[in-house]
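# Build me a model:
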Amino acid sequence: MLTEVIYYRIEAISLLKQMLETIYNHQLIEEHDKIVVGLSGGPDSLALIHALYHFRESLQIELVAVHINHMFRGVLADADEDFVKNFCKLHQIPMYSYRIDVGEYAKEIGTSFEDAGRRVRYQYFEKVLIKENAQKIAVAQNKNDLIETFFINLFRGSGVDGLASIDYKRDQIYIRPLLDVDRNAIEAYCLENALNPRRDHTNDENDYLRNKIRNDLLPSLKMVYNPSLDQTLYKTIKIMKREKAFWQKHSELLFKESCKGEENKVRISKKAYDLMHEAEKLQLLRYAISKVRGNLTNISSDILEQILLLSKTGTFVDLDFNHRVLLSYDELIIQKEVISGVEIMPVLREKKISRQVYEKVKQNMKTSDIVAVDAATIQGNLILRHRKDGDVFVPMGMSGHKKIKDFFIDEKVPKEKRNHIWLVCDDEKIVWVHGMRMNNMCKVTNKTENILLISFNDIVEALELC
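Numbering: from 1, shown residues only. Purely as a prediction, here's the structure:
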């Protein structure tokens, strides 16, 4: 018993020591900062706010707590909210509490419950930041979260940025003082200080990838391959963070030497771009895209590879519904497109080819601006139009019909864009939602004899081989 008490005390002290080192090493907090703390009532966030409260005088900081009731766990969620209110009242910490039906919000925006919850939390954290005239938002991600995120990004096929996992600081606002502290030390700290945190039973369920990694993958890897896996991966992540920091500085230098920034646009000198190593091109593209777009959300390695393949003047890659990368004569242009009041109908290009020719050219057709359909499935002539009430189609990869309205919601198409997306239709159905998805009923199969290629460009370079 005495041994356990000593262990918990040592671990609790180590948490405070490590948190201070992280704060100073990464300049997370300045004197007189007012800090908004996300407080769920669980062990991580409770240890974070209690430790910051412990250092409030020496660090000369003020604390404000924010709790989000996701309305997902019924009376348990309400009990979490009451617990947080009592904790803050006891410690005289100002607190804001919000009740948001995250499940309904997830359906509304067409995303997962986990993603919707994250968006809601950050939205309200920032709301309180502004209201309280605060400087920082502290969140309680720890060393274990760092390792779990490494695996999540690894499975997604991430590069250096993804494998560097979670940053200590983001946008000069979000800070993570516990990022070098492991979960065992957090649990010990809660026990030592009799915090009695709330427990979320959904963390033990393997409905989400993070939980599967935490509950199944990591314990298995430690047991079979390396009992010290956490420390090994922690070292690897630190190496990735150094690599990320290098590329950040190098990308800034490349940008200054080869780019011109304008309103809603960045121009990259083709002459300078062509002399760069492929790795430099990719990092510069990421940096320049983030300048125009504000973030790199959903900018996958596949999209960047498509940009690298641009070789003909006038060809382009759409990043999303508002941003495009266009190859000009002597520049690569990354731009935000503003919808004007005048709309020009594009020219629809069609070319019918045999199965034999298709097999030769299909590898050169990796672009969102061309599709190959089974010619036998097309009824009558193809036309271009925008959506109408009641429009349905069978999205590629699905078996049932889906309303175009629901499809746009699921794909997170902004409302102002939905009436401007072109639909390629035959006499009976929607064949292709341009730039997004073709109709599964028109897909090329093993029984297909003739293929119809459809594009808005000059049937691009792939067709020049026909």
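# What distance do you get for residue 128 to residue 56?
As for residue 128, its distance to residue 56 is 18 Å (criterion: CB to CB, to the nearest Å). Any C-beta I mention is one placed from the backbone N, CA and C, and that applies to glycine too.
# For these two, indicate the residue with more neighbours.
When residue 128 and residue 56 are compared for neighbours, residue 128 comes out ahead with 20 against 15, by other CB atoms under 10 Å.
# per-residue confidence at that one?
Residue 128 is assigned a pLDDT of 97 by the prediction.
# Equivalent analysis for the one 5 residues further on, please.
On the pLDDT scale, residue 133 is placed at 96.
# Find the nearest non-adjacent residue to it, please.
residue 34 (6.9 Å; CB to CB, 6 or more residues apart in numbering).
# Tell me the bridge partners for that neighbour.
As for beta bridges, residue 34 partners with residue 62 under DSSP bridges.
# my read: it touches residue 60, true?
No. Residue 34 lies out of contact with residue 60 (CB atoms under 8 Å); the separation is 10.7 Å.
# More neighbours: those two, which one.
Per other CB under 10 Å, whichever of residue 34 and residue 60 has more neighbours is residue 34, with 15 against 12.
# Which residues are in contact with the more buried one?
61, 62, 63, 64, 132, 133, 134, 135, 136 (CB atoms under 8 Å, 6 or more residues apart in numbering).
# Give me the neighbour count for the third one.
Here the count is done by other CB under 10 Å, and residue 63 has 22 residues near it.
# do you know how far it is from residue 142?
Applying CB to CB, the value for residue 63 to residue 142 is 19 Å.
# so what pLDDT did the closest residue in space to residue 160 that isn't next to it in sequence get?
Ranked by CB to CB, 6+ apart and with sequence neighbours excluded, the top spatial neighbour of residue 160 is residue 243, at 4.8 Å. At residue 243, the model reports a pLDDT of 97.
# Please apply the same query to residue 443.
Predicted confidence (pLDDT) for residue 443: 92.
# That one touches residue 374, doesn't it?
Yes. Counting by CB under 8 Å, residue 443 does reach residue 374; the two are 6.6 Å apart.
# quick one: the helices in the stretch 51-200 of the chain?
Per DSSP state H, counting those that start in this stretch, the stretch 51-200 of the chain carries helices over the ranges 56-59, 75-90, 102-109, 113-131, 143-156, 160-163, 183-192.
# Show me what the third one is packed against.
To tie it back to what came earlier, the one meant is helix 102-109. Counting by 3 or more CB pairs under 8 Å, 6 or more residues apart in numbering; DSSP states H and E, the packing neighbours recorded for helix 102-109 are helix 113-131.
# And the helices in the stretch 301-450 of the chain, which stretches?
Remark: helices assigned in the stretch 301-450 of the chain by DSSP H, counting those that start in this stretch are 301-308, 355-361, 404-410, 415-418.
# can you tell which of those is closest to residue 202?
Of all these, it is helix 404-410 that lies closest to residue 202, at 23.9 Å by CB to CB.
# Pull the contacting residues for residue 286.
161, 251, 296, 299, 304.
# repeat for residue 120
For residue 120, the contacting residues are 68, 70, 100, 102, 105, by CB under 8 Å, 6+ apart.
# Correct me if wrong: the fourth one contacts residue 71.
Yes. Counting by CB under 8 Å, a contact exists between residue 102 and residue 71, whose distance comes to 6.8 Å.
# And these two? Which one has more around it.
residue 102 (21 against 16).
# Relative to residue 435, how far out is the residue nearest to residue 147 when sequence neighbours are not counted?
For residue 147, ignoring the flanking residues on the chain, the nearest one in space by CB to CB, 6+ apart is residue 233 at 5.0 Å. Per CB to CB, residue 233 is found 39 Å from residue 435.
# and if you look at residue 394?
Applying CB to CB to residue 394 and residue 435 gives a distance of 18 Å.
# which one of the two has more residues nearby?
Counted by other CB under 10 Å, residue 394 and residue 435 do not tie: residue 394 has more neighbours, with 19 against 15.
# Quick check, the more buried one in contact with residue 400.
Yes. If you go by CB under 8 Å, residue 394 and residue 400 touch, sitting 6.7 Å apart.
# Surely residue 276 is in contact with residue 255?
No. Using CB under 8 Å, residue 276 is not in contact with residue 255; the gap is 11.7 Å.
# list the residues that contact both of these two?
Jointly contacting residue 276 and residue 255 under the rule CB under 8 Å, 6+ apart are residue 284.
# Many thanks, have a good one.
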